[in-house]
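Q: Structure, please.
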Amino acid sequence: MSASLGRAWLHDFDHKMERGAHAGFKGVEIFYEDLEFVARQKSGDNEPSPEHLLAAADHCYTVCEKNGLEIIGLQPFLFYEGLKDRVQHDLLIKKMKLWLQIVKRLHTDIIQIPANFLPAEQLSDNVDLIAADLRDLADMGAAEEPVVRFAYENLCWSTYVDTWEKAWDIVRRVGRANLGMCLDTFNIAGRVWADPASSTGKTPDADADLKDSLERLIQEVDLNKIFYIQVVDAERMTSPLVAGHEFHVDGNPPRMNWSRNARAFMYEEDRGVYLPSEDVAKAIIFGLGYKGYVSMELFSRTMSEKGQHVPHEHAQRGIAAWRTLVNRLNLA
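A: Residues are numbered from 1 along each chain as shown. You can find the predicted model right below:
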């Protein structure tokens, strides 16, 4: 089991990879925005062409290989499944054809798909349609050599698929070997256990509901369908994240605003973390027997700070959290 680094395209890609490798990470998630950033740097074009993006993928792979980092996946393929606008759906199918070329240049075989969080009026809640859309992508990936896999992830603020249970139901309906899941401690605990809009920071029956959910996870989920996991925590809000809060954005669910501003690495008590992320990680690692990559994916306002020290500090924080997890769970 190894740690990988996730996210942050606001800083120079080459520098981030060097800092992550120096800290001790073995793998990395590549964000599409990273590719766009590199493509703009090298082409000077604000709207990079497919050719520029493919060249950027070549560059990113070379940098990662030089630093001894395995690219575990490309993400996020956003706002795809369940669209009422089928013209937009067709455009995203076309976009996926480019992504399938990109992952080959990155020498990886996973594309991550976060569950759709567009407004409800733009989406269908028909689970058969959602599954059919994802099945189309799985079949496209299965036709590639090597096969491309898709990791579907529930987000705790997704419009319809906001729990692992709902994501697992969709994955089973798709019924393709190359369509599985990404499980995230934040998105699991952040929906069933935590509520940033509550004065308590928790849902009414948080502990009991999480216990029941994790027991079902262990009993129901096929380990072979877990393509990788993300382990992270979040700050408890000092006041409910509602209108008037500094992180509030009109039209966004509170959990989305919370996620974008206030995630933190596990065990960072000085930053006010409070999720039962370790319990979720134990259920996945020991209950299911997961042994693959663990991504220390982070979204936070701290990543928007300027300066070359920012990637270094986050890499050090991330690897410290990983080492604490290894020690506490005896994963070495």
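
Q: Point out where the stretch 201-332 of the chain drops to low pLDDT.
A: Scanning the stretch 201-332 of the chain for pLDDT under 70 picks out 304.

Q: hey, where'd the helices end up in it?
A: For the stretch 201-332 of the chain, the helices defined by DSSP state H, counting those that start in this stretch occupy 206-220, 254-262, 277-282, 309-329.

Q: Which elements pack onto the helix or strand hosting Lys94?
A: Using DSSP states H and E, Lys94 falls within helix 86-106. Applying 3 or more CB pairs under 8 Å, 6 or more residues apart in numbering; DSSP states H and E, one finds that helix 86-106 contacts helix 50-66, strand 70-75, strand 110-114, helix 127-142. Just so you know, the C-beta spots here come from the backbone N, C-alpha and C atoms, and that holds for glycine as well.

Q: Can you tell me which of the ones you listed is nearest to Lys282?
A: Closest approach to Lys282 among these (CB to CB): strand 70-75, 21.7 Å.

Q: which residues sit against that closest one?
A: Identification of contacts with strand 70-75 by CB atoms under 8 Å, 6 or more residues apart in numbering yields 4, 26-32, 60-61, 64, 99, 102-103, 106-108, 110-114, 151, 227-228, 293, 295.

Q: what angle sits between it and strand 110-114?
A: Inter-element angle recorded for strand 70-75 and strand 110-114: 40 degrees (by axes from the mean of the first three to the mean of the last three CA atoms, to 10 degrees).

Q: For strand 70-75, buried residues please.
A: Of all the residues in strand 70-75, those buried under the rule 16 or more other CB atoms under 10 Å are Ile71, Ile72, Gly73, Leu74, Gln75.

Q: ok, so of those, who is nearest Gly318?
A: Within those, proximity to Gly318 (CB to CB) peaks at Ile72, which comes in at 14.6 Å.

Q: contacting residues for Leu78?
A: Pro114, Asn116.

Q: hang on, I meant Val171
A: So Val171 contacts Tyr152, Leu179, Gly180, Met181, Lys225 (CB under 8 Å, 6+ apart).

Q: just checking, the last one touches Met181?
A: Yes - distance between Lys225 and Met181: 5.7 Å, which falls inside the contact criterion (CB atoms under 8 Å).

Q: between the two, which one's more packed in?
A: Ranked by neighbour count (other CB atoms under 10 Å), Lys225 and Met181 place Met181 first, with 23 against 17.

Q: how far away is the more buried one from Glu215?
A: Using CB to CB, to the nearest Å, Met181 is found at 18 Å from Glu215.

Q: again, but for Lys104
A: Taken as CB to CB, the span from Lys104 to Glu215 is 40 Å.

Q: Asp270 and Val192, how far apart?
A: Applying CB to CB, the value for Asp270 to Val192 is 26 Å.

Q: more crowded one of those two?
A: For Asp270 versus Val192, neighbours defined as other CB under 10 Å are more numerous around Val192 (24 against 7).

Q: Helix or strand next in line after the host helix or strand of Arg19, which one?
A: Assigned by DSSP H and E, Arg19 belongs to helix 13-23. Downstream of helix 13-23, the first helix or strand assigned by DSSP H and E is strand 27-31.

Q: Adjacent strands (with direction) for that following strand?
A: Paired strands of strand 27-31, with direction, are strand 3-6 (parallel), strand 70-75 (parallel) (DSSP bridges).

Q: who touches stretch 128-141?
A: Contacts to stretch 128-141, defined as CB under 8 Å, 6+ apart, come from residues 80-83, 89, 93, 96-97, 100, 111, 113, 124, 147-150, 152, 160-161, 170, 173-176, 178-179.

Q: redo that, cut-off 7 Å
A: For stretch 128-141, contacts defined as CB atoms under 7 Å, 6 or more residues apart in numbering pick out 80-82, 89, 93, 96, 100, 147-150, 152, 170, 173-174, 176, 178-179.

Q: give me the number of residues near Gln230?
A: Neighbour number of Gln230 under other CB under 10 Å is 24.

Q: go on, Val28?
A: 27.

Q: Kindly report the same for Thr238.
A: Neighbours of Thr238 under the rule other CB under 10 Å: 9.

Q: now do the one 3 residues further on
A: Around Leu241 there are 24 other residues, counting by other CB under 10 Å.

Q: Which pLDDT value does the model give the closest residue to it other than its chain neighbours?
A: Distance criterion CB to CB, 6 or more residues apart in numbering; nearest residue to Leu241, sequence neighbours excluded, is Pro196 at 4.1 Å. Reading off the confidence values, Pro196 has pLDDT 98.

Q: May I ask you to confirm that Pro196 is in contact with Trp258?
A: Yes - assessed by CB atoms under 7 Å, Pro196 is found in contact with Trp258 at 4.0 Å.

Q: Let me see the contact set for the nearest residue to Gly201 once chain neighbours are set aside.
A: Closest residue to Gly201 apart from its sequence neighbours, by CB to CB, 6+ apart: Arg236 at 4.6 Å. Counting by CB under 7 Å, 6+ apart, Arg236 touches Gly201, Gly272, Tyr274.

Q: Check Leu183 too.
A: Trp164, Ile226, Ile229, Ile284.
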